[in-house]
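Engineer: next comes the sequence, and after it the predicted model I'd like to discuss.
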Amino acid sequence: INKKIIIASRNSTLAKKQTELVISKLKNIGCYDIEKIFIKSKGDKVSKTEFKKLGGKGLFTEEIDKLIINNKIHLGVHSAKDMPAVLNKRLSIGAYIKREDVRDILITKDTNIKKIIQLPKNCTLGTSSPRRAAYIKFLRPDIQIIEIRGNIETRIQKVLNEKIFAIILAKAGLKRIKNLKYELNFCTIPLSQILPAPGQGAIAITYKKDNIFIKRICKKIDCPETRISLNAERSLIKKI
């Protein structure tokens, strides 16, 4: 396949790792002329109050969506859980990369803590997710939820500097970054306690609906099992 393919993603360590994963899949099917672009999305730039006001999750994908619609790039690479429930009518999710572990992970400095129930009384827990906050409040009403945003490294730093006692992150992101070496305590949270976000652990690839060439390429790297579960989860959040 000798056509050049331009890919864009967010400018975080995780987004870059996910883009590399997609590129390796494309190379496996014979696409070698690939250009990558990394963008600081609106979602990364605005304050937390603006984030909710301006539309939440869609802010992470907005700029990349525009580039695809204006034929500046061919593919957008996103964490599937960052995708808004309703996509722009001119776009489609062409492929999902095989899903990683879907569970959340509890991160603290205290190695004695293995479960949410063992967190100290009235301690602070950082998360920007209303879903995680609701589950924590249900399991441990005493815990103080602190709203934090930013990439994985920024959040982990807050625990290391003891600004926050604990944080909850998606296990998939930590597994994909791999080279994070921190003296911290990582505990996987069972699904019976906290359900993951719709699409958690999967990578979604968007393209412009009318681009038949790109549609064919996406089909070759799509994971059917991941697509089935993601379609179900995304249709549920659409209804909600």
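Structural biologist: On my side now, so go ahead.
Engineer: now do the helices in the protein.
Structural biologist: 13-28, 42-45, 48-53, 62-69, 130-139, 152-160, 171-177, 212-221, 224-239 (DSSP state H).
Engineer: quick one: which of the ones you listed is nearest Thr111?
Structural biologist: Proximity to Thr111 (C-beta to C-beta) singles out helix 152-160 among the helices of the chain, at 12.8 Å. Bear in mind the C-beta positions are built from the backbone N, C-alpha and C, glycine included.
Engineer: what sits up against that closest one?
Structural biologist: 12-14, 107-109, 126, 148, 164-167, 169, 173-174, 177, 180, 182, 184 (C-beta atoms under 8 Å, 6 or more residues apart in numbering).
Engineer: any chance of the helices of the chain in JSON lines, with mean pLDDT and distance to Ala95 too?
Structural biologist: Output for the helices of the chain, formatted as JSON lines (pLDDT from 0 to 100; distance: least, C-beta to C-beta, whole Å):
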{"stretch": "helix 13-28", "mean pLDDT": "95", "distance to Ala95": "8"}
{"stretch": "helix 42-45", "mean pLDDT": "54", "distance to Ala95": "22"}
{"stretch": "helix 48-53", "mean pLDDT": "54", "distance to Ala95": "28"}
{"stretch": "helix 62-69", "mean pLDDT": "92", "distance to Ala95": "14"}
{"stretch": "helix 130-139", "mean pLDDT": "96", "distance to Ala95": "26"}
{"stretch": "helix 152-160", "mean pLDDT": "91", "distance to Ala95": "24"}
{"stretch": "helix 171-177", "mean pLDDT": "90", "distance to Ala95": "17"}
{"stretch": "helix 212-221", "mean pLDDT": "97", "distance to Ala95": "4"}
{"stretch": "helix 224-239", "mean pLDDT": "95", "distance to Ala95": "8"}
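Engineer: present the ones you listed as TSV; the columns should include distance to Asn88.
Structural biologist: Conversion of the helices of the chain to TSV gives the following (distance: least, C-beta to C-beta, whole Å):
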stretch	distance to Asn88
helix 13-28	20
helix 42-45	15
helix 48-53	19
helix 62-69	5
helix 130-139	24
helix 152-160	27
helix 171-177	25
helix 212-221	16
helix 224-239	14
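Engineer: figure out which of the ones you listed is closest to Glu100.
Structural biologist: helix 171-177 (3.6 Å).
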